[in-house]
Structure formats: structure tokens, C-alpha cells
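Provided below for reference: sequence and predicted model.
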Amino acid sequence: MERLLVLVRHGQSEWNLKNLFTGWANPGLTEKGVEEAIAAGDRLKAKGARFDIAFTSLLSRAQRTLTLMLEQLDQPDLRTIKNQALNERNYGDLVGLNKDDARKKWGDEQVHIWRRSFDIPPPGGESLKDTAERVLPYFEKEILPRVLAGEKVIVAAHGNSLRALVMSLEKLSPEEILKKEIATGVPLVYRLNADGAVASSEVLGQ
């Protein structure tokens, strides 16, 4: 029995392009972001992927990415579950700020700590640890059992919510996951063993 789980970060958003902290704000995809989502769907289709269910966040950039991928996969009506647990990390007071402007306001070192430490949140926001503490219970309760039962699952979400999942799946340390970049619109394909351990993984890049 194949136990397939595919994770995809949304295509480039308008705020990614402007180098703004996005968090739970809701910018749309850029033209490049749309192209990335379509290309992700094409790459999955070329691999013969078919899905039984999809999960995404409550944020439009992830939902739009999923819609575009499913159109390419000829599965536009696939059952989709949307949940806030899969939202991007909440950047609190940094949301909407240009990253360079934030460095000028708080200093390079402080902004680097907020962005790249595991458990230090920005003012009013979440650390990656906080994000993992809402993402992983949802994954373990709602998503993983479906995969282990043989359903083929695709998840369209965000850089940090997916980091939390990758950290768990690949058994990475906090230091290792913080160094891992998750590219926009590039599917991460996992096949799991019966106990949930990763049997194989593949990055479907260009």
C-alpha cells in the first residue's frame, strides 16, 4: 500500500516580492507565484500523482496555489479541508514591515533572532516552536492517519507551517530545521512506512 504525502509551499506572494513580513496577512499571488503553482501541478502530474484529499490553511495564497495545482492534475473538485492550524507563523508586530526597515528599527541581530531562532517570538507573534505546537497536533490527528490508511494526501501551506512538518517527518533538530529553506511552489514528496517513518522523499524542483 502506498502512503503518499505531498507538501507544497504556496507560490510567490505579492508580499514575498516586496520583502515584507507576511504572517497571517492575506496578499495574493504574483504572476510568478501563479506560474510556480501551475508548474508544481504539472510536475506532480508528470509523476502520475493522484490524490484522495487535500489540506490547506485559511490564507488565500495557499488556497489559490492548491486550486491551480489541482486544475493541472485534472482534480479541480478534490475534497479540500481548510484549517487555521496550517496557517503561516504569525509575525505579530512585524507583519507588513519591510525586512530591511525592521532591521533599521530593531537592529540586524534582533531581527535575525526573531526570524531564525526556534523559540523566541517577535513582539505579539509566534516563534517556530509556537507554530509547531499548533501544526503538529493537527497533522497527527487529522492528516497522518489518512496517509497511514492509504489515502494520498496533498498539503498546500506556508514556509514555517511546513518547516514544522518537515522537522517532524525528517526528525530534524531545531538547529537543522532553521537552516532548511522551503522553496515556493516546489513539491516535497514523502512516502511513509506503516509506522509513519519516512521511507523515501523527493523534491520535485525545476
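It's in.

Give the buried residues for stretch 192-206.
Of the residues in stretch 192-206, those buried under the neighbour-count criterion (16 or more other CB atoms under 10 Å) are 192, 204. Where you see a C-beta, it was placed from the backbone N, CA and C, and this is true even at glycine.

average pLDDT across the top helix by length along the chain?
Longest helix in the chain, counting residues (DSSP state H): helix 31-46. Over the span of helix 31-46, the pLDDT mean works out to 97.

what about that helix, distance to the chain center?
Computed by CA atoms, centre = their mean, to the nearest Å, the chain-centroid distance of helix 31-46 equals 15 Å.

ok, and what's touching it?
With CB atoms under 8 Å, 6 or more residues apart in numbering as the test, helix 31-46 has contacts from 6, 8, 10-13, 16-17, 29, 61, 64-66, 68-74, 154, 184-187, 204, 206.

Equivalent analysis for stretch 9-16, please.
21-22, 25, 27-30, 32-37, 40, 59, 61-62, 64-65, 68, 96, 156-159, 162, 182-186.

next SSE after the longest helix of the chain?
Sequence-wise, the next helix or strand downstream of helix 31-46 (DSSP states H and E) is strand 53-56.

Give the other helices and strands that that next one contacts.
If you count contacts as 3 or more CB pairs under 8 Å, 6 or more residues apart in numbering; DSSP states H and E, strand 53-56 packs onto helix 60-72, strand 80-82, strand 153-157.

so where's the protein shaky on pLDDT?
Segments of the chain classed as low confidence (criterion: pLDDT under 70) are 206.

now the helices for it?
If DSSP H is used as the criterion, the helices of the chain fall at 14-17, 31-46, 60-72, 99-106, 108-116, 128-138, 144-148, 159-169, 174-178.
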